[in-house]
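Coordinates only, no sequence provided:
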C-alpha cells in the first residue's frame, strides 16, 4: 500500500454537494467547486462525507457525484469517498461500487445510532476494508455518531493492511500522539478549530470544512509546521480564525460551507436538502464579514457539533 500522504493527500477538504433550489444536483456547480478546491491548494477531496450530505444521497447520485468531482478535480487529486453507514452490508456494497467507479480511497465512519460494541465496530470496519483494495481512513466523530472509537479499537484496526489513517474529530490530542507512536497510523485533523495543534502534535494533514475558502492558507500552515516555523504557523492560524468561527460556530458546516462558496462566487445557490435549512440572513452576514476580512469582531451565533 502507498503511504497515507500518497493515498489521501495532506490538505484535504470535506466538499459540500452543490444543489439547485429544487434539491437536484447542481452539476456545473459540483465541477466548479472541485476545480476551485484544487486551484486553491487542495490535494485531496472527501466526497460524500457529512459535509457532502451523504445521508441524503441515493446510490445513483453518489456515483454521479464521484464522476463529476473527478471531472473538476482531475486525476492527480485524491478522491476519498464516504462509504460508512450503520448497515455493514450496505457499506460493503457502496465501497465496491465507488471502487469500480474510480475512487482513490474510502472514508469509514463509526456506525451511528445503532451503538454496536467495539468488537462490532471492528467487525464492521474490517468487512468494509476487506471489500476492496483501496486504502481506508477511519472517521472518529462521536459528537455525531454517539460512539467513539476507543484507543484499543484504533490500535486493533491499525493491524489491517489497508487501514492507514484516522480522521479525528474527537479532539483527544494525547490519544492521537499515543496511537501514532504505537501504530504509525496517520492522523488527519477533523476539527478546524484545532488544525494548528493537531499538526504541531504530529498529524499528517487536515480534512477541513473551512478549507472550502481557505485551502491556500491551510497549505501554508502545513508547510510552516513542517519547517518548524511556529511564528508563521501561528500567523496563518490567526488569519483564518474569523473564518473558522463563521463556518464552524454559526450553523452546521454543510450550511455554512455552501453559503461561503456562494459568497465568493463559486456556486450560484446555497441550497441544502431537508432536514437542513439554508443559512439565515444573520448567518450569512457573519460569513460575509469573515470573508471580507474587515477587522470587525466575529459574532458566534450558536455552537454546532
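Arrived safely. Bear in mind the structure is a predicted one, so any value in this text is a computation, not a measurement.

What is the burial count for the residue nearest to residue 182 when sequence neighbours are not counted?
Sequence neighbours aside, residue 155 is the residue nearest to residue 182 in space, at 6.2 Å (criterion: C-beta to C-beta, 6 or more residues apart in numbering). Every residue, glycine included, has its C-beta placed from N, CA and C. For residue 155, the neighbour count with other C-beta atoms under 10 Å is 15.

three-state assignment of residue 155?
helix (DSSP: H, G, I helix; E, B strand; the rest coil).

isn't it right up against residue 180?
No: checked against C-beta atoms under 8 Å, the pair residue 155 and residue 180 is beyond contact range at 10.9 Å.

tell me what the host helix or strand of residue 38 is packed against?
Using DSSP states H and E, residue 38 maps to helix 27-39. For helix 27-39, the packing partners by 3 or more C-beta pairs under 8 Å, 6 or more residues apart in numbering; DSSP states H and E come out as helix 59-73.

Name the residues that touch the helix it packs on?
Around helix 59-73, the neighbours that count as contacts under C-beta atoms under 8 Å, 6 or more residues apart in numbering are 15, 17, 25, 27, 30-35, 37-38, 45, 47-48, 52, 54, 57, 79, 81, 94, 97-98, 101-103.

how does it look with 7 Å?
Here helix 59-73 makes contact (C-beta atoms under 7 Å, 6 or more residues apart in numbering) with 15, 17, 25, 27, 30-35, 38, 45, 47-48, 57, 79, 81, 94, 97-98, 101-103.

Next, the buried residues of that helix.
62, 63, 64, 65, 66, 68, 69, 70, 72, 73 (16 or more other C-beta atoms under 10 Å).

next one: stretch 275-291
For stretch 275-291, a neighbour-count test (16+ other C-beta under 10 Å) marks 276, 278, 279, 283, 284, 286, 287, 289, 290, 291 as buried.

Same check on stretch 78-88?
In stretch 78-88, counting by 16+ other C-beta under 10 Å, buried: 78, 79, 80, 81, 82, 83, 84, 85, 86, 88.

Also stretch 11-26?
Within stretch 11-26, the residues scored as buried using 16+ other C-beta under 10 Å are 11, 12, 13, 14, 15, 16, 17, 18, 19, 25, 26.

coming back round to it: from the contact counts, what lies against the following helix or strand past the helix holding residue 38?
Scanning forward in sequence from helix 27-39 by DSSP H and E, the next helix or strand is strand 44-47. Here strand 44-47 touches strand 11-14, helix 59-73, strand 78-82, going by 3 or more C-beta pairs under 7 Å, 6 or more residues apart in numbering; DSSP states H and E.

ok, residues contacting the last one?
In this structure, residues lying in contact with strand 78-82 by C-beta under 7 Å, 6+ apart are 7-9, 12, 43-49, 52, 54, 66, 69-70, 73, 98, 103-107, 109, 137.

May I have the strands that pair with that strand, each with its orientation?
Here strand 78-82 is paired, per DSSP bridges, with strand 44-47 (parallel), strand 105-109 (parallel).

pLDDT wise, what is the nearest residue to residue 4 once chain neighbours are set aside at?
Among residues not flanking residue 4 along the chain, residue 186 sits closest, at 3.3 Å (C-beta to C-beta, 6+ apart). With respect to pLDDT, residue 186 scores 98.
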